[in-house]
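Peer 1: this one's structure only:
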């Protein structure tokens, strides 16, 4: 996802240890993360589960998640990508049910758009720096759906995009069914946008759950589906990936990533997320 606007709120997730991490916050002696009782202290080798969102219950955890509503107008109509949906906070478009989060894109006339969907963000409410992220998800079906599991740098309001950095753990919709993309976006020294992308073909992306994974350290970003690596990117100290980032979960409709093509017979389909787990 690219060239987007963000109006969001918060709480910071920080790494364990008292010695001045870049995120500027500490933990108490019991390794209790701010706002989150974990009872564990990270080992630094991605083996310690420090936070998880299991989507249990019947509603989103509003201390973590917030809806982003609208079509990007007037600043970036179509969210800068010629997307065709209007994001809502309705249960028709985002629902926690039977242990999963379902983000549903629908064909319907709403606020002068032909489609609705939902976009959930954690900016200022839950942000983290480094670690292994695993997201178990089942993707929507239909040409024109653009599901994404991704992150943006917390300083986007101060430096804008792409200077804040963007990490796309999973996107689907820019090619054949089952073609998964993972992309790192950042700014060149001259201020222009650049990116590095890797892809992997998988089977049954819309009928079975798969685990989309990112390993993020001070020196690298690596991306996997079901533990099969398909992309890696080396980090340097002047890149924006040494600060906390926040989650974004959404399903767009149409747009540049789908070649601006939506199946005329599309009616509705959902991305279903079983869990998000963070290891440090």
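Peer 2: That came through, no problem. Bear in mind that the values here come from a model prediction, so they are computed numbers and not experimental data. Numbering: from 1, shown residues only.

Peer 1: Walking through this protein, point out its helices one by one.
Peer 2: Assigned by DSSP state H, the chain shows helices spanning 156-159.

Peer 1: Please spell out the segments of it that come in under the pLDDT threshold.
Peer 2: Low-confidence segments of the chain (pLDDT under 70): 1-39.

Peer 1: go with 90
Peer 2: Scanning the chain for pLDDT under 90 picks out 1-44, 75, 174-176, 189.

Peer 1: what about stretch 192-199, distance to the chain center?
Peer 2: In terms of CA atoms, centre = their mean, to the nearest Å, the centre of stretch 192-199 is set 16 Å apart from its chain centre.

Peer 1: Likewise for stretch 129-149?
Peer 2: Chain-centre distance of stretch 129-149: 7 Å, with CA atoms, centre = their mean.

Peer 1: Can you give me the buried ones in that stretch?
Peer 2: Using 16 or more other CB atoms under 10 Å as the test for burial, stretch 129-149 gives 129-140, 142, 144-149. (Each C-beta comes from the backbone N, C-alpha and C, glycine too.)

Peer 1: From the residues you listed, which land in strands?
Peer 2: If you go by DSSP state E, those have 131-138, 145-149 in strands.

Peer 1: Quick one: these as a markdown table, columns for distance to residue 64 too.
Peer 2: Listed next are these as a markdown table, based on distance: CB to CB, whole Å:
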| residue | distance to residue 64 |
| --- | --- |
| 131 | 16 |
| 132 | 19 |
| 133 | 14 |
| 134 | 17 |
| 135 | 14 |
| 136 | 17 |
| 137 | 17 |
| 138 | 21 |
| 145 | 25 |
| 146 | 24 |
| 147 | 20 |
| 148 | 18 |
| 149 | 15 |
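
Peer 1: Among those, which pair sits farthest apart?
Peer 2: Pairwise distances across those peak at 28.5 Å for 131 and 145 (criterion: CB to CB).

Peer 1: now the strands for the stretch 1-150 of the chain?
Peer 2: In the stretch 1-150 of the chain, the strands defined using DSSP state E, counting those that start in this stretch lie at 49-53, 66-67, 85-87, 94-97, 100-110, 113-117, 119-121, 127-128, 131-138, 145-153.

Peer 1: Distance to residue 229 for those strands - can I get that in CSV?
Peer 2: Listed next are the strands of the stretch 1-150 of the chain as CSV, based on distance: least, CB to CB, whole Å:
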stretch, distance to residue 229
strand 49-53, 21
strand 66-67, 32
strand 85-87, 32
strand 94-97, 31
strand 100-110, 26
strand 113-117, 30
strand 119-121, 27
strand 127-128, 21
strand 131-138, 13
strand 145-153, 17
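
Peer 1: most tightly surrounded among the ones you listed?
Peer 2: strand 85-87 (a mean of 27; mean count of other CB atoms under 10 Å).

Peer 1: Does anything pack onto that one? Which helices or strands?
Peer 2: Other helices and strands packing on strand 85-87, by 3 or more CB pairs under 8 Å, 6 or more residues apart in numbering; DSSP states H and E, are strand 113-117, strand 245-253.

Peer 1: Tell me which of the ones you listed lies nearest to residue 48.
Peer 2: The nearest among these, by CB to CB, is strand 245-253 at 19.2 Å.
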